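> here is my input; please provide its structure:
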Amino acid sequence: MAQQSTETDWVSRYADEVIAEAERRASGKVTSGASASVIVCASGLSPSGPIHLGNLREVMTPHLVADEIRRRGHQVRHLISWDDYDRYRKVPAGVEGVDESWAEHIGKPLTSVPAPAGSAYPNWAEHFKAAMTEALAELGVEFDGISQTEQYTSGAYREQILHAMRNRAKIDAILDQYRTKKAPAKKSQKPVDEAELEAAEGSGAATEDDGSGGSAGYFPYKPYCGRCEKDLTTVNSYDDESTELSYTCTACGFAETVRLSEFNRGKLVWKVDWPMRWAREGVVFEPSGVDHSSPGSSFQVGGQIVGIFGGERPIGPMYAFVGISGMAKMSSSKGGVPTPADALEIMEPQLLRWLYARRRPNQAFKIAFDQEIQRLYDEWDKLAGKVADGSVLPADAAAYARAIGTAAGELPRTPRPLPYRTLASVADITAGHADQALRILSDLDPAAPLTSLDEARPRLDKAEAWINKHVPAEQRTVVRDEPDTELLKSLDDQARDSIRLLLEGLDSHWSLDGLTHLVYGVPKVQAGFSADATPKELPPEIKVAQRTFFALLYHLLVGRDTGPRLPTLLLAVGADRVRTLLGA
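Modelled structure (predicted):
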């Protein structure tokens, strides 16, 4: 993809800044075109429970920027740090097979906590990492994953740990500047319910103990207990020369003395761990959530501590909250917030990528699990049409290009992307009958009929999943088995005439466009206008007459005031059955 205008596209603007920053750091070693060194963009995820759609912004922001840098010919690495050596903080709500008995593991590393019952994975962290990894693959996100458990327990960070302990007084002095300061009140992005509040909270690392200790002084390192594996430990003493460290566990009373130069069962506290990694990995770009961006928080303090490790704080924006439309229903059914896998059940990866690409990181937005998803898909298809005919604005074109693929190529797409709302209506009416679905979808465009449902997949499958999982039973469509004879008998002459006009035009208008023209045209003809008359040529009463006519048809076909779009419904019911239900 050609470089987009930096005046209109936030991704390109950040890519410009990141490349310039990498060039500055490398003292001119990074040149335009192919880079002389690798530019590192980073994300961090804690698999402490289901990794939700708010966390996905932590990944998508650097992914989009890294991908733009890659498109420009630079070498770039998108690093995802799996914070799987973090402590297990609490039992998350809504995880199947998990009850309050898991509370006994609070304080252990996430990789030492059993996986939820029935899981195929060896521990808690791997269980939740797997679901996210699968979703990222579907989204086309290329990354290098680093397990912090593997890093710490292999001794990979030993020199950094010893360095931090030698410089603990300097670290303590930096942290002490903020311990007594009260952060100003944040502007509220008020979540709509408890589940969204959980989503906004983040991993909890932002509020973790900074290592300030007791009478023995400050230590930026926490051992995990040798008996109970929990981090409820207190460092009693440390000798820089011998690296002997003694600690006591306040949970089980266990105490031991170890040589930190040989000991691999502990970690730096979060506010030291994060800047240590920035320096070690040479991170140039990493965004941060609101919980990490207030004065005295990890990102701000880390900007000072990183210098102790010989590095610099990465550049990167604070990203805003990602809300959910339709959250109340999901919360009540699942007890938690939806994940990328939940979203990918009902929407194609291109649409989900677009939702993150089209909004600047500091702009909040919502992901739809309710009826709003149909409007989002209409907007997406309209954008595709503008791209095809060349009428699209530059910023919209950039977001579209980033949504449909990456530097590696386009993502797999639906061969015949029929309107999502049409597919949802067909899935609703046919209730899983493939033959009926193919019949209806083939009638949408008689000039180019669908020959196989595979042409409409995976979008058809996503629409069907949305109908089955997110549309309440009382909103599902059930076509009448028998005509409503009482209603038919009660109709006045005008209503009977409207049905007559519809039935007379069925055969000659049997396509999606044809039936649309017909159902909107009947009230026009009844009022003495041409069926082709535009809204500007018609009096306001015609809209009222159309609504009345539509309500009558819904009552006669499905026994309700509303339902799927009438042209789709008529195609789904079939001409013969429509005639029967309308009293022909």
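
> which element is Phe219 on?
Using DSSP states H and E, Phe219 maps to neither a helix nor a strand.

> and it, what does it touch?
The contact partners of Phe219, taken as Cβ atoms under 8 Å, 6 or more residues apart in numbering, are 165, 168, 211, 213, 235, 238. C-betas here are computed from N, CA, C, even on glycine.

> burial measure for the nearest residue to Ile346 once chain neighbours are set aside, as a count.
Excluding its sequence neighbours, the residue lying closest to Ile346 (Cβ to Cβ, 6 or more residues apart in numbering) is Trp466, at 4.1 Å. Per other Cβ atoms under 10 Å, the neighbour tally for Trp466 reads 25.

> surely Trp466 meets Glu348?
No - here Trp466 does not reach Glu348: they are 11.6 Å apart, not a contact under Cβ atoms under 8 Å.

> what helices or strands is the strand or helix carrying the residue nearest to Ile346 leaning on?
Element membership of Trp466, judged by DSSP H and E, is helix 459-470. Here helix 459-470 touches helix 340-346, helix 420-430, going by 3 or more Cβ pairs under 8 Å, 6 or more residues apart in numbering; DSSP states H and E.

> centre of the chain versus the first one, how much separation?
Average the C-alpha atoms of helix 340-346, do the same for its chain, and the two points are 8 Å apart (Cα atoms, centre = their mean, to the nearest Å).

> again, but for stretch 504-519
Distance, stretch centre to chain centre, for stretch 504-519: 40 Å (Cα atoms, centre = their mean).

> quick one: pLDDT of the most far-flung residue of the chain relative to its centre?
What lies farthest from the middle of the chain is Asp493; by Cα atoms, centre = their mean that is 53.4 Å. Looking at Asp493, its pLDDT reads 94.

> tell me the spacing between it and Ile499.
Asp493 sits 11 Å away from Ile499, going by Cβ to Cβ, to the nearest Å.

> and if you look at Pro523?
Applying Cβ to Cβ, the value for Pro523 to Ile499 is 12 Å.

> residues touching the residue nearest to Ile346, list them.
By Cβ under 8 Å, 6+ apart, the residues touching Trp466 are 345-346, 369, 373, 424.

> 10 Å instead?
326, 345-347, 368-371, 373-374, 420, 423-424, 427-428 (Cβ atoms under 10 Å, 6 or more residues apart in numbering).

> now the strands for the stretch 351-500 of the chain?
With DSSP state E, counting those that start in this stretch as the criterion, the stretch 351-500 of the chain has strands at 365-368, 405-406, 409-410.

> one step back: looking at Pro523 and Ile499, which is more packed in?
Pro523 (24 against 19).

> for the closest residue to the more buried one other than its chain neighbours, grab the count of nearby residues.
Leaving aside its sequence neighbours, Pro523 sits nearest to Ala545 (Cβ to Cβ, 6+ apart; 4.0 Å). Ala545 has 18 neighbours, counted by other Cβ under 10 Å.

> in three-state terms, label Ala545 for me.
At Ala545 the chain is in helix, as set by DSSP: H, G, I helix; E, B strand; the rest coil.

> got it, and the one 5 residues further on?
Three-state secondary structure (criterion: three-state DSSP) places Phe550 in helix.

> and the nearest residue to Asp443 once chain neighbours are set aside, how far is that from Gly521?
Excluding its sequence neighbours, the residue lying closest to Asp443 (Cβ to Cβ, 6+ apart) is Leu571, at 5.0 Å. Separation of Leu571 from Gly521 (Cβ to Cβ): 17 Å.

> these two - which one has more neighbours?
Comparing Leu571 with Gly521 by other Cβ under 10 Å, the one with more neighbours is Leu571, at 27 against 20.

> check contacts around the more buried one.
By Cβ under 10 Å, 6+ apart, the neighbours of Leu571 are 422, 425-426, 429, 439-444, 510-512, 514-515, 564-565, 578.

> from those residues, which land in helices?
Counted as lying in helices by DSSP state H, out of these, are 422, 425-426, 429, 439-443, 512, 514-515, 578.

> ok, back up a step: how much space between the residue nearest to Pro523 and Ile429?
Taking Cβ to Cβ, one finds Ala545 at 26 Å from Ile429.

> again, but for Glu256
Distance from Glu256 to Ile429, by Cβ to Cβ: 68 Å.

> also Asp239?
Asp239 is 76 Å from Ile429, by Cβ to Cβ.

> out of those two, which sits in the busier spot?
Using other Cβ under 10 Å as the criterion, Asp239 and Ile429 rank with Ile429 on top: 24 against 13.

> and the helices in the stretch 451-584 of the chain?
459-470, 485-490, 493-505, 512-526, 541-558, 566-573, 575-581 (DSSP state H, counting those that start in this stretch).

> those into a markdown table, with extra columns for distance to Pro62?
Formatted as a markdown table, the helices of the stretch 451-584 of the chain follow (distance: least, Cβ to Cβ, whole Å):
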| stretch | distance to Pro62 |
| --- | --- |
| helix 459-470 | 26 |
| helix 485-490 | 59 |
| helix 493-505 | 55 |
| helix 512-526 | 42 |
| helix 541-558 | 48 |
| helix 566-573 | 41 |
| helix 575-581 | 53 |
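
> just say which of those helices is most tucked in.
Highest mean neighbour count among those (mean count of other Cβ atoms under 10 Å): helix 566-573, with a mean of 24.

> pLDDT weak spots in the stretch 301-450 of the chain?
For the stretch 301-450 of the chain, the stretches with pLDDT under 70 are 327-336.

> the bottom helix or strand of the protein by mean pLDDT?
None of the helices or strands of the chain scores lower by mean pLDDT, DSSP states H and E than helix 194-201, at a mean of 44.

> and the next element down the chain from it?
The first helix or strand that comes after helix 194-201 along the chain, using DSSP H and E, is strand 221-223.

> and the strands in the stretch 1-150 of the chain?
Counting by DSSP E, counting those that start in this stretch, the strands of the stretch 1-150 of the chain are 39-45, 76-82, 144-147.

> mind giving me the packing neighbours of the shortest one?
In this structure, strand 144-147 makes packing contacts with strand 39-45, strand 76-82, helix 124-138, helix 270-281, judged by 3 or more Cβ pairs under 10 Å, 6 or more residues apart in numbering; DSSP states H and E.

> mind doing that once more with 6 Å?
On a contact count with 3 or more Cβ pairs under 6 Å, 6 or more residues apart in numbering; DSSP states H and E, strand 144-147 meets strand 76-82.

> and Cys225, what element?
Judged by DSSP H and E, Cys225 forms part of no helix or strand.

> for the residue lying closest to it once chain neighbours are set aside, which residues make a bridge with it?
Using Cβ to Cβ, 6+ apart and skipping residues adjacent in sequence, the residue nearest Cys225 is Cys249, 4.0 Å away. Under DSSP bridges, the beta-bridge partners of Cys249 are Thr233.

> number of nearby residues for the residue lying closest to Arg358 once chain neighbours are set aside?
What sits nearest to Arg358 in space, not counting adjacent residues and going by Cβ to Cβ, 6+ apart, is Ala399, at 4.1 Å. Around Ala399 there are 26 other residues, counting by other Cβ under 10 Å.

> any idea how far Val337 is from the closest residue to Val113 other than its chain neighbours?
Closest residue in space to Val113, ignoring its immediate chain neighbours: Trp124 at 3.8 Å, by Cβ to Cβ, 6+ apart. Relative to Val337, Trp124 is positioned 18 Å away (Cβ to Cβ).
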